[in-house]
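A.B. asks: what would the 3D arrangement of this be:
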Amino acid sequence: MKRNLFLAMAFAAVLVTGCKSTRNSGTADLPPPPAPVESKAAATADTGAVASAGVVGDDASNEVGLPAELVNKRVIYFAFDSSEIRAEDRALVAAHAKFLAGRGDVGVRLEGHTDQRGTREYNIGLGERRAQAVRAALGLQGAKDNQLSTVSYGEERPAAAGEDEESMAMNRRVELVYGKR
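C.D. replies: Got it, this is the predicted structure:
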């Protein structure tokens with residue numbers, strides 16, 4: 001009897017700690033995303049694990065001829081639970097589209113990311129919707145469809161650790177990863 005009571009209490013403890021709310025029920029305005037990265041060390045940290053694989057970074061960007069003003073501006077940030085490109089990022093998307101329109105030999109992989117709130121399945125879908133939104137905007141502004149590919153990592157590759165709003169805002173993003181086609 002004591003064993004059953006202990007198991008029931010342990011199970012209840014797991015349920016209580018595992019049932020943390022995953023959705024924001026409020027509609028309060030969120031703080032703006034972090035400022036663009038300026039230093040080379042910060043740029044490497046901003047692009048995450050793919051930078052260490054040699055896919056991203058100043059060298060890869062220079063290899064495809066990415067203009068200097070876009071080298072450290074390859075991240076589009078999103079509001080919580082949204083796949084709509086923010087007004088302040090539309091000019092950045094337009095600049096990348098203009099670059100791609102003039103360079104048929106260059107391709108870009110659009111990597112969708114989310115913060116840790118929500119289920120794994122939901123976050124994979126949200127990351128894909130974000131990547132597709134950027135893809136559509138690039139296509140409407142001159143990039144060719146065969147230059148663009150998308151992938152969603154959901155919450156699996158965070159740019160910032162932590163559960164504070166600033167960290168989560170940095171994780172809600174689409175990264176543009178350039179390469180030769």
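
A.B. asks: ok, now how distant is Arg172 from Gly127?
C.D. replies: As judged by Cβ to Cβ, to the nearest Å, Arg172 and Gly127 stand 9 Å apart. (Each C-beta comes from the backbone N, C-alpha and C, glycine too.)

A.B. asks: repeat that for Thr119.
C.D. replies: If you go by Cβ to Cβ, the gap between Thr119 and Gly127 works out to 12 Å.

A.B. asks: more neighbours: which of the two?
C.D. replies: Neighbours were counted for Thr119 and for Gly127 using other Cβ atoms under 10 Å; Gly127 has more, 28 against 11.

A.B. asks: tell me the phi and psi of the more buried one?
C.D. replies: Here is the backbone geometry of Gly127 (degrees, to the nearest 10): phi -60, psi -40.

A.B. asks: now Val108
C.D. replies: Torsion angles at Val108 (phi, psi; degrees, to the nearest 10) stand at phi -140, psi 140.

A.B. asks: does it touch Leu148 like I think?
C.D. replies: Yes. Judged on Cβ atoms under 8 Å, Val108 makes contact with Leu148 at a distance of 6.1 Å.

A.B. asks: neighbour count for these two, which is higher?
C.D. replies: Counted by other Cβ under 10 Å, Val108 and Leu148 do not tie: Val108 has more neighbours, with 26 against 21.

A.B. asks: quick check: the more buried one vs Asn72, distance?
C.D. replies: Applying Cβ to Cβ, the value for Val108 to Asn72 is 15 Å.

A.B. asks: buried ones in whichever strand or helix holds Ile124?
C.D. replies: Using DSSP states H and E, Ile124 sits in helix 120-140. Counting neighbours by 16 or more other Cβ atoms under 10 Å, one finds that the buried residues in helix 120-140 are 122-135, 137-138.
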